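with the sequence up front, the predicted model follows.
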Amino acid sequence: MRNIFLFALILMTASANCAEARGIKKMNQIFSITSPAFKDSQTIPFRYSGRGENLNPALEISGIPGGTKSLVLIMDDIDAPGGTFDHWIMFNVSPRTTKIYEGTTPVEANFGVNSAGSIGYYGPNPPPGKAHHYTFRLFALDSTLQLKNGADRADIESAMAKHVIGKAELVGLFGR
């Protein structure tokens, strides 16, 4: 009887490993980024804009892939008149981070320079017209980045290029 139980346990483990190797994941293991402040593809509240309180919205992270050593967060506006505008860049965020609270950032994170030339969150502030799309891209990496605070997006993307093991996105809209 004990041998049958052991054989069943080995068979179930092998089956789970094969499913994971094919990229099949349980629903609760999907890598995602969400916000309690707004739903995906919905309007970012005014308080998080450059015209409001300029606070970063709270973010929630789940399903971080196994083997993740660090996270990178890039928030940008792909509809900016001069081309993509970077609003917020963080790297070397701990993979234990499951929440980023409103108006705060993880203590251990490093920061890239945004398109305004500063470090930190720079809230949406598009010109008058149709709403812009603000994408929060979260990357899971199998390493930490050997960069210092103030690195630009190109250097961060170059350093992480061969280390991305997962990607999640959240899109918010904002216009005036």
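Perfect, thanks for sending it.

is it true that T97 touches L71?
Yes - in this structure, T97 is within contact of L71 by C-beta atoms under 8 Å, at 6.5 Å. Where you see a C-beta, it was placed from the backbone N, CA and C, and this is true even at glycine.

what is in contact with these two at once?
I61 (C-beta atoms under 8 Å, 6 or more residues apart in numbering).

who has more neighbours out of those two?
L71 (25 against 20; other C-beta atoms under 10 Å).

not counting its neighbours along the chain, what's nearest that one?
Spatial nearest neighbour of L71, excluding adjacent residues (C-beta to C-beta, 6 or more residues apart in numbering): V93 at 4.0 Å.

for that neighbour, give me its contacts.
Contact analysis of V93 by C-beta under 8 Å, 6+ apart lists S70, L71, V72, L73, P106, E108, A109.

and the residue nearest in space to the middle of the chain, which of the three is it?
Geometric centre of the chain, nearest residue: L138, 1.9 Å, by C-alpha atoms, centre = their mean. Using DSSP: H, G, I helix; E, B strand; the rest coil, the structure places L138 in strand.

quick check: it touching V164?
No - assessed by C-beta under 8 Å, L138 is found out of contact with V164, at 10.6 Å.

how about the strands in the chain?
32-34, 42-43, 59-62, 70-77, 85-93, 99-100, 110-111, 132-141, 164-174 (DSSP state E).

distance to N149 for these - can I get that in JSON lines?
Shown next, in JSON lines, are the strands of the chain (distance: least, C-beta to C-beta, whole Å):
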{"stretch": "strand 32-34", "distance to N149": "22"}
{"stretch": "strand 42-43", "distance to N149": "31"}
{"stretch": "strand 59-62", "distance to N149": "20"}
{"stretch": "strand 70-77", "distance to N149": "14"}
{"stretch": "strand 85-93", "distance to N149": "9"}
{"stretch": "strand 99-100", "distance to N149": "17"}
{"stretch": "strand 110-111", "distance to N149": "5"}
{"stretch": "strand 132-141", "distance to N149": "17"}
{"stretch": "strand 164-174", "distance to N149": "21"}
